[in-house]
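Participant: Please find the sequence and the predicted model below.
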Amino acid sequence: MTIFWWILDLMVLASAAVSIYWQSQITLRAKYNYWSLGYGVVFGILLTTSMVNDWSYIVFTAVRFTDLETITLIQQPMPGNRSRVIAVFRTKRNRRISLVFTQTMETLLTQLRKVMPNDVAVEVR
């Protein structure tokens, strides 16, 4: 059983290193919707404290957002000369991730085109 915990610790450390690397590659900052993180924590607590005793079930309920299908950009008017763009990323698994950018629409589109695959549709509202 101790080998399991060592492997699990190594996986968590590797995941943290990969996350730190990818976060260092971010070109535009955005604000993340923390409600989904809160729901994830509550869901995780419920899974670990309920009758589910199988760790493989708990681990395999986590799903990665890997395949983008569409990106919807919505510009919101702000007082003064400030700009706010809400970006809704929809995956091929029909999941949505919302981020709020404080850059202009043109800046955001330029940065997205640099890193986005050609088959991802962009809708500007």
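Facilitator: That came through fine.
Participant: Check what pLDDT residue 85 gets.
Facilitator: Looking at residue 85, its pLDDT reads 90.
Participant: Just to check, it is in contact with residue 76?
Facilitator: Yes - if you go by Cβ atoms under 8 Å, residue 85 and residue 76 touch, sitting 7.3 Å apart. Using the backbone N, CA and C atoms, a C-beta is placed for each residue, glycine as well.
Participant: what about those two, which has more around it?
Facilitator: residue 85 (22 against 10; other Cβ atoms under 10 Å).
Participant: for residue 103, phi and psi?
Facilitator: In this entry, residue 103 is assigned phi and psi values of phi -90, psi 170 (degrees, to the nearest 10).
Participant: er, residue 87 actually
Facilitator: Main-chain torsions, residue 87, degrees, to the nearest 10: phi -110, psi 130.
Participant: Disregarding flanking residues, what is the spatial nearest neighbour of it?
Facilitator: Leaving aside its sequence neighbours, residue 87 sits nearest to residue 99 (Cβ to Cβ, 6 or more residues apart in numbering; 5.0 Å).
Participant: Next one, pLDDT for the residue nearest in space to the middle of the chain please.
Facilitator: What sits nearest the mean C-alpha location of the chain, by Cα atoms, centre = their mean, is residue 97, with 6.1 Å. Residue 97 carries a pLDDT value of 80.
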